[in-house]
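Trainee: no letters, just coordinates:
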């Protein structure tokens, strides 16, 4: 059995059912699952990115860690797990800051976007996840923006950047 996802209404109230990842069950109107993205930056405004496996959608594109929240998790625990699975980083869960939420009616997802700022990002501590990530790097914020313009960043992460990270960066980090 694959990952199980809780089903919610648009107010994040559980509806008492789950769906299996990759299953044939489609969410109905008014039903959602939770998705998270976790941007990791250092105090010098560098962003940690991983490169997607060539067998996945958005093959070999760069992104921050993210994915679906599994049954029994909230979004904070979900982003912590996704970051640890995809990068190997075991970051104090209390360092993750929610910077935005989006309700996507078309994809039936509620997306929470988190940011964690570390003193430094040590690429020697990265443990890539087999079948998920194939490379990792740290880039300055401006280079990240250029990567978006050049189509090197996955579409979902690009949306999160334009909806939340760019504004947060300009108000708080620039």
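Mentor: Cool, the structure landed. None of the values given here were measured: they were computed from a predicted structure.

Trainee: where do the helices of this structure begin and end?
Mentor: 75-87, 141-149, 155-160, 166-172 (DSSP state H).

Trainee: which stretches of this structure aren't confidently modelled?
Mentor: 1 (pLDDT under 70).

Trainee: where do the strands of it begin and end?
Mentor: 4-8, 14-20, 33-42, 46-52, 62-63, 65-68, 97-104, 109-118, 133-140 (DSSP state E).

Trainee: deepest-packed of the ones you listed, please.
Mentor: strand 33-42 (a mean of 24; mean count of other Cβ atoms under 10 Å). In this view, the C-beta of every residue, glycine as well, is placed from N, C-alpha and C.

Trainee: re earlier: would you reformat the strands of the chain as TSV and include distance to residue 172?
Mentor: Formatted as TSV, the strands of the chain follow (distance: least, Cβ to Cβ, whole Å):
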stretch	distance to residue 172
strand 4-8	29
strand 14-20	33
strand 33-42	11
strand 46-52	15
strand 62-63	22
strand 65-68	21
strand 97-104	9
strand 109-118	9
strand 133-140	17
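
Trainee: nearest to residue 153, out of these?
Mentor: When those are compared by Cβ to Cβ, strand 62-63 sits nearest residue 153, at 5.4 Å.
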